[in-house]
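Undergrad: Structure for this input, please:
(chains A and B)
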Amino acid sequence: MESRIQYIFLGRMCRAFGTLCLLLILMPQSIQAATPQELELEPLVVREPDRRDVDVDKLDTENFQIGGFAGLLNVEDFGTNLVYGIRATYHVTEGLFVEGNYALSELGQTSFELLSGGATLLTDDQRDLTYYNLSIGYALLPGESFIGSRWAIKGRLYFLVGAGATDFGGDQRFTINGGVGYELYLTDWLAMHVAARDHVFSTDLLGTSKTVHNVEFTGGLSVYF
Amino acid sequence: MYRKNKYKHAITGLLVMAVLAWMPAIHAKRYEPLVVVSDPYIELRTGPGRGYPKFYVAEQGDQVQLIKRKTDWVKIRTVELNRVKEGWVNVSDMSGTLDMAGDPVIVNEEGLEQFSTRRWELGFIGGDLEGAATLTAFASFYLTPRISTQISATQILGNFTDGYMGNVNLTLSPFPEWRVSPFFTLGTGIIHTEPQTTVVQAEDRTDEIVHVGVGTNLYLTQRFVLRVEYKRHTALTSRDDNDEIDEWKAGFSIFF
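TA: Numbering: from 1, shown residues only, chains lettered A, B, ... in the order given. As a prediction, the model looks like this:
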């Protein structure tokens, strides 16, 4: 009985606390907006109206990148299939970046299904695969590559590692990914990628639990903004 | 179920189209101030990075136009003998330039000070919740440098159970000016667990949870922060005993 009362009491407390936190998240914008201006004094020296300081922070930045990719994804036991997805990147420094991916693919048939004639392990719906991940990347070897003697193309090699989830066969799997890619700049803001990645997760879909490596090769286009 | 997948494809298609439609708008008119080189010279590179070759030098007194910025590099344009040169210079070289009124150009490099006065923080964290892997996305808002509120969504990926968790919390960071800055959290939320398809005879559950936690931020560079955290959740079950759940996690965040 006592623990029941404790449960009800704690439940109410935590709901009230949750509401308070949410309010604090939503409110601060207006609090911020109100206070500083009221306290600000009139400047003693009025500057000429046409004179503006040049501030590097006001320049347009191109630290975000968004794009699409397509390629081949091999899922152990289920063959190699088309994969395509979208990717968003934030560049922290000229080398360091964080990248998020969301992609779709479809599983093929296992050898068992092919040889047995009629047996199916998964329904059509369970053969749809989606994954998402967030990775940290570091670009090495930036430089120019040459095509013939007239064309120089800027590019860089990058490595990345990250975590995410892969969803297929009616289950989601924690997935570690790592890979290497090459990014070529067609213009300042348009880039082309080729990348190879390994997605590692454990699965018990075929009876015993095992860790599988699933290799993916993709190419893509992206824009900086 | 089939229809749900059709939606997935449609949503991806729409996102890709939105990106394509947006591309021309990205390069609209913007702030492109003129400055004068005051250092003896500044070097222009063909790309925004150390590894790209230097191909031109703008001399003292040359007028250059600042076009845009990519991480630590600024793209500039200069006109020499009617030939336009465009290249990238490091943002630190901008302190060797003056605006047209003769005042130094303002260069605020990201640093510890920006970290300790940050307002917004977005992050991604991987962890372990009693043997299950977790993936968490969070957003924090700093009311003051020491006090912040955080909202987070967690996906739980276990061997036998999957689930979701949503939390809001208050975070206290007593030493915001330190590069390694510890914090304490107190919060509440909801946990929903569902057994995997291979496990039968178990049911979905949703419980309210409260948590206390401790952790530390490590300011690495620019707007990038590493984060390590421990949380002790108490699930308020309707049974006689409340469940205690330990969560360890590590990840990174970006602040604005």
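Undergrad: Any idea how many residues pack against residue 128?
TA: Because you didn't say which chain, this covers chain A. For A:Asp128, the count of nearby residues is 21 (other Cβ atoms under 10 Å in any protein chain shown). (Glycine included, C-beta is placed from N, CA and C.)
Undergrad: look at chain B instead
TA: Using other Cβ under 10 Å, the number of residues around B:Asp128 comes to 14.
Undergrad: Quick check: buried residues in the longest strand seen in chain A?
TA: Across chain A, the strand with the greatest residue count (assigned by DSSP state E) is strand A:128-147. The neighbour-count check on strand A:128-147 (16 or more other Cβ atoms under 10 Å in any protein chain shown) flags A:128-137, A:139, A:142-143 as buried.
Undergrad: Tell me the helix or strand right after the helix-or-strand element of chain A with minimal mean pLDDT.
TA: Of all the helices and strands that make up chain A, the one with the lowest confidence by mean pLDDT, DSSP states H and E is helix A:28-39; it has a mean of 51. Of the helices and strands lying after helix A:28-39 in sequence (DSSP states H and E), the nearest is strand A:60-61.
Undergrad: Any idea how far the helix or strand that comes right after that next one is from the middle of the chain?
TA: Going down the chain from strand A:60-61, the next helix or strand is strand A:64-74, by DSSP H and E. Between the mean C-alpha point of strand A:64-74 and the mean C-alpha point of its chain there is a distance of 11 Å (Cα atoms, centre = their mean, to the nearest Å).
Undergrad: what's next to strand A:64-74, contact-wise?
TA: Contact partners of strand A:64-74, identified using Cβ atoms under 8 Å, 6 or more residues apart in numbering or on different chains, comprise A:80-91, A:101, A:103, A:105, A:129, A:191, A:193, A:195, A:199, A:214-225, B:16, B:19.
Undergrad: Any of these buried? List them.
TA: Those of these that meet the buried threshold are A:83-91, A:101, A:103, A:105, A:129, A:191, A:193, A:195, A:199, A:214, A:216, A:218, A:220, A:222-225, B:16, B:19, by 16+ other Cβ under 10 Å.
Undergrad: and those residues, which of them are in strands?
TA: A:83-91, A:101, A:103, A:105, A:129, A:191, A:193, A:195, A:199, A:214, A:216, A:218, A:220, A:222-224.
Undergrad: Specify the residue positioned farthest from the middle of chain B.
TA: Summary for chain B: using Cα atoms, centre = their mean, the residue whose C-alpha lies farthest from the chain's mean C-alpha position is B:Leu81, with a distance of 43.4 Å.
Undergrad: Distance check, that one against B:Thr237.
TA: When distance is defined by Cβ to Cβ, to the nearest Å, B:Leu81 is 79 Å away from B:Thr237.
Undergrad: beta partners for B:Ala153?
TA: For B:Ala153, the beta-bridge partners are B:Ala137, B:Gly166 (DSSP bridges).
Undergrad: in stretch B:39-55, what counts as buried?
TA: When burial is assessed from 16+ other Cβ under 10 Å, stretch B:39-55 yields the following buried residues: B:42, B:44-49, B:51-52.
Undergrad: So which of these reach chain A?
TA: Near chain A, judged by Cβ under 8 Å from any Cβ of the partner chain, the entries from these are B:46-49, B:51-52.
Undergrad: Report the residue spans of chain A with pLDDT below the cut-off.
TA: Across chain A, the stretches falling below the confidence threshold (pLDDT under 70) are A:1-11, A:13-14, A:21, A:24-52.
Undergrad: which among the buried residues of strand A:128-147 are in contact with chain B?
TA: When Cβ under 8 Å from any Cβ is applied, the members of the buried residues of strand A:128-147 adjacent to chain B are A:128, A:130, A:134, A:136, A:139, A:142-143.
Undergrad: any idea which of those residues is closest to chain B?
TA: A:Pro142 (3.4 Å; Cβ to the nearest Cβ).
Undergrad: List the residues that contact the closest one.
TA: Contacts were defined as Cβ under 8 Å, 6+ apart; by that measure A:Pro142 touches A:94, A:154-156, B:47, B:49-52.
Undergrad: Let's see the distance spanning stretch B:109-122 from one end to the other.
TA: Using Cα to Cα, to the nearest Å, the end-to-end distance of stretch B:109-122 comes out at 20 Å.
Undergrad: CSV please, covering the buried residues of strand A:128-147 and showing distance to B:Ala58.
TA: Compiled in CSV, the buried residues of strand A:128-147 are given as follows (distance: Cβ to Cβ, whole Å):
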residue, distance to B:Ala58
A:Asp128, 55
A:Leu129, 52
A:Thr130, 50
A:Tyr131, 47
A:Tyr132, 45
A:Asn133, 43
A:Leu134, 40
A:Ser135, 38
A:Ile136, 35
A:Gly137, 32
A:Ala139, 26
A:Pro142, 22
A:Gly143, 22
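Undergrad: For the residues you listed, which two are the farthest from each other?
TA: The span of the buried residues of strand A:128-147, defined through Cβ to Cβ, is set by A:Asp128 and A:Gly143 at 40.6 Å.
Undergrad: burial of B:Gly158, as a residue count?
TA: The burial count for B:Gly158: 18, using other Cβ under 10 Å.
Undergrad: Specify the residue ranges that define each domain of the chain.
TA: All of this is about chain A. Domain ranges of chain A: A:2-39, A:62-224, per automatic domain parsing.
Undergrad: meant chain B, my bad for not saying
TA: Per automatic domain parsing, the domain ranges recorded for chain B read B:34-109, B:114-255.
Undergrad: Of all these, which one is nearest A:Arg173?
TA: Ranking those by distance to A:Arg173, with Cβ to Cβ as the measure, places domain B:114-255 first at 6.5 Å.
Undergrad: which residue is nearest the centroid of chain A?
TA: If you average the C-alpha coordinates of chain A and look for the closest C-alpha using Cα atoms, centre = their mean, you land on A:Gly100, 0.7 Å from that point.
Undergrad: That one contacts A:Tyr131, correct?
TA: No: contact status for A:Gly100 versus A:Tyr131: not in contact, 11.3 Å apart, counting by Cβ atoms under 8 Å.
Undergrad: now the helices: where do they sit in the stretch 101-250 of chain B?
TA: According to DSSP state H, counting those that start in this stretch, the stretch 101-250 of chain B carries its helices in the segments B:112-116.
Undergrad: tell me the strands in it, going along the chain?
TA: For the stretch 101-250 of chain B, strands defined by DSSP state E, counting those that start in this stretch occupy the ranges B:120-129, B:132-142, B:147-157, B:161-172, B:180-195, B:205-221, B:224-236, B:243-255.
Undergrad: Compile these into JSON lines and extend it with columns for mean pLDDT.
TA: Listed next are the strands of the stretch 101-250 of chain B as JSON lines, based on pLDDT from 0 to 100:
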{"stretch": "strand B:120-129", "mean pLDDT": "94"}
{"stretch": "strand B:132-142", "mean pLDDT": "95"}
{"stretch": "strand B:147-157", "mean pLDDT": "95"}
{"stretch": "strand B:161-172", "mean pLDDT": "93"}
{"stretch": "strand B:180-195", "mean pLDDT": "94"}
{"stretch": "strand B:205-221", "mean pLDDT": "93"}
{"stretch": "strand B:224-236", "mean pLDDT": "93"}
{"stretch": "strand B:243-255", "mean pLDDT": "93"}
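Undergrad: For those strands, please prepare JSON lines with the additional fields distance to B:Leu98.
TA: Converted to JSON lines, the strands of the stretch 101-250 of chain B look like this (distance: least, Cβ to Cβ, whole Å):
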{"stretch": "strand B:120-129", "distance to B:Leu98": "33"}
{"stretch": "strand B:132-142", "distance to B:Leu98": "35"}
{"stretch": "strand B:147-157", "distance to B:Leu98": "39"}
{"stretch": "strand B:161-172", "distance to B:Leu98": "43"}
{"stretch": "strand B:180-195", "distance to B:Leu98": "37"}
{"stretch": "strand B:205-221", "distance to B:Leu98": "28"}
{"stretch": "strand B:224-236", "distance to B:Leu98": "31"}
{"stretch": "strand B:243-255", "distance to B:Leu98": "31"}
